[in-house]
Structure formats: C-alpha cells, structure tokens
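In: I need the structure of the sequence given here:
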Amino acid sequence: MVGGPTGLLQTEKALRLYMWNAQISAAFFVPLHVCEILTRNAISEVIETVYGDRWPWSIGFERSLPIPIHGYKPKDDLISGRRNQPTTGKVIPELKFVFWQKMLTGRFDTRLWNNHILTAFPHTVAQGLSAAQMRQNLYNDLETVRKLRNRIAHHEPIINRNLLDDFATIKRIIAYRCEHSVEWMQNNQMLLPLLTLKP
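Out: This is a model prediction of the structure:
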C-alpha cells in the first residue's frame, strides 16, 4: 500500500472534506438563488420607475452606465443582454450578477437610490441609515455574496470561509427586501444541517 496506513487515512480524510465542500456548495444554491432573484427584481423595479418599463432600451439609462477601461463593463453587458430579447423580463436574467451589484454604486444615488431605496428594500428603514449608507451596505453585502457565488460556480473550495457569516449575509439581503422570503428560504434550505457535519 503506497504511503502506508497513515497515507491512506490522510487520503480518506481529504476525500471526505472534498465531498463535504461539494455538498455545502450545492446547499448554498437555494439561498443564493433566492437572494439573487429578489435583488435583481428589486433593482429592476427601481430602474423601471426611473427609466420606464423598457429600461434596457432606454438611451438615458444606457448613457448613465460607466465605461471603465479595465474590468467589468455594465454597458456592454446591457447591450449584449438585450440582444435578441423581446422584453425586459427576458433581459433581466441575461445580465450578470455583478451588473446588479454595480447598480448599487454611488454614481446612482441621485438617479436611483436617494428616492427609491426604501421602495426596493423596505426593511432597510430599521437600520436608521441614510440612503447612501444603506446602498453602500447592500453593495458590500453583495460583494461578499458574489465572491462566494463565483467560488462555488468555479468549483473552488469554500471550506476556509466563515460559512455561517456568508449565510447570515444572504439572509440579511433577502430580509431587506422581504421578511417572508427569508422565512420561506430558511424553511427550504439544507445548508445548516450540513454545516454541522464538517469532517
């Protein structure tokens, strides 16, 4: 036997940890799914309030998007996402998660968030923060969620993260939008029981 009994035990332990990581990653999909859908729908509603129900084709909205030299380009994502799509409802799922996160930057405070953050995320009022502060908190929380989501999507290990904190962040974002949805997600997730089974 190569490596002897100790080597075999280490291999078995590594395989158990690998499988647990895969199971935990899969279990995160329900909370992530609910979080992403609620977030993008909330942001889309605000954009629609300002730019109309066909906002993906609004020149005013398109011009409001940044065109960075490097990195993610929301304007390009919008143009690509609306291509061959007949309705706004068909465009929304074509846009990357980062698109929705980037709608929560300070450049949109005047156009979108100063007057509409409580419409999109009504339960943020209890935080006692300004619209800009709440918008920044949402942006930061979505950054945490986006990084977790990307690690899972690329089959990278997540076992070194504080997974309970990640789950709490997801729940917090959902709760800002709809407290009933948090309860529904909590009752349908399988993540928490798996977290107790770490090898």
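In: show me where this structure has its helices.
Out: 4-27, 29-51, 59-64, 74-82, 88-91, 97-102, 114-120, 131-153, 163-177, 179-188, 191-195 (DSSP state H).
In: mean pLDDT, distance to F108 and mean neighbour count added to these, as CSV?
Out: For the C-beta atoms, the positions are set from N, CA and C on the backbone; glycine is no exception. Putting the helices of the chain into CSV (pLDDT from 0 to 100; distance: least, C-beta to C-beta, whole Å; neighbours: other C-beta atoms under 10 Å) gives the following:
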stretch, mean pLDDT, distance to F108, mean neighbour count
helix 4-27, 89, 32, 13
helix 29-51, 98, 9, 19
helix 59-64, 97, 7, 14
helix 74-82, 96, 11, 17
helix 88-91, 97, 18, 15
helix 97-102, 98, 9, 20
helix 114-120, 96, 9, 17
helix 131-153, 97, 8, 18
helix 163-177, 98, 17, 19
helix 179-188, 96, 24, 14
helix 191-195, 95, 32, 15
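In: how about the contacts made by the residue lying closest to L195 once chain neighbours are set aside?
Out: Nearest residue to L195, sequence neighbours excluded (C-beta to C-beta, 6 or more residues apart in numbering): L163, at 6.0 Å. Residues in contact with L163 (C-beta atoms under 8 Å, 6 or more residues apart in numbering) are 24, 191, 195.
In: OK, contacts around the last one?
Out: What it means is L195. 24, 163-164.
In: now flag whichever of those is closest to H155.
Out: Nearest to H155, judged by C-beta to C-beta, of those is I24 at 12.4 Å.
In: I'd like the distance between the residue lying closest to that closest one once chain neighbours are set aside and P93.
Out: Leaving aside its chain neighbours, I24 sits nearest to L194 (5.5 Å; criterion: C-beta to C-beta, 6+ apart). According to C-beta to C-beta, to the nearest Å, L194 and P93 sit 28 Å apart.
In: how about P56?
Out: Taken as C-beta to C-beta, the span from P56 to P93 is 12 Å.
In: go on, Y72?
Out: Taking C-beta to C-beta, one finds Y72 at 18 Å from P93.
In: now L15
Out: From L15 to P93 the distance is 36 Å (C-beta to C-beta).
In: and L38, by the same measure?
Out: In terms of C-beta to C-beta, L38 sits 13 Å off from P93.
In: neighbours of D109, how many?
Out: 17 (other C-beta atoms under 10 Å).
In: show me what contacts it?
Out: 131-132, 135.
In: what do you get for D53?
Out: D53 touches T88, counting by C-beta under 8 Å, 6+ apart.
In: next, it: phi, psi?
Out: Main-chain dihedrals, D53, degrees, to the nearest 10: phi -70, psi -10.
In: distance of it from R83?
Out: Counting by C-beta to C-beta, the gap from D53 to R83 is 19 Å.
In: go on, N21?
Out: Distance from N21 to R83, by C-beta to C-beta: 37 Å.
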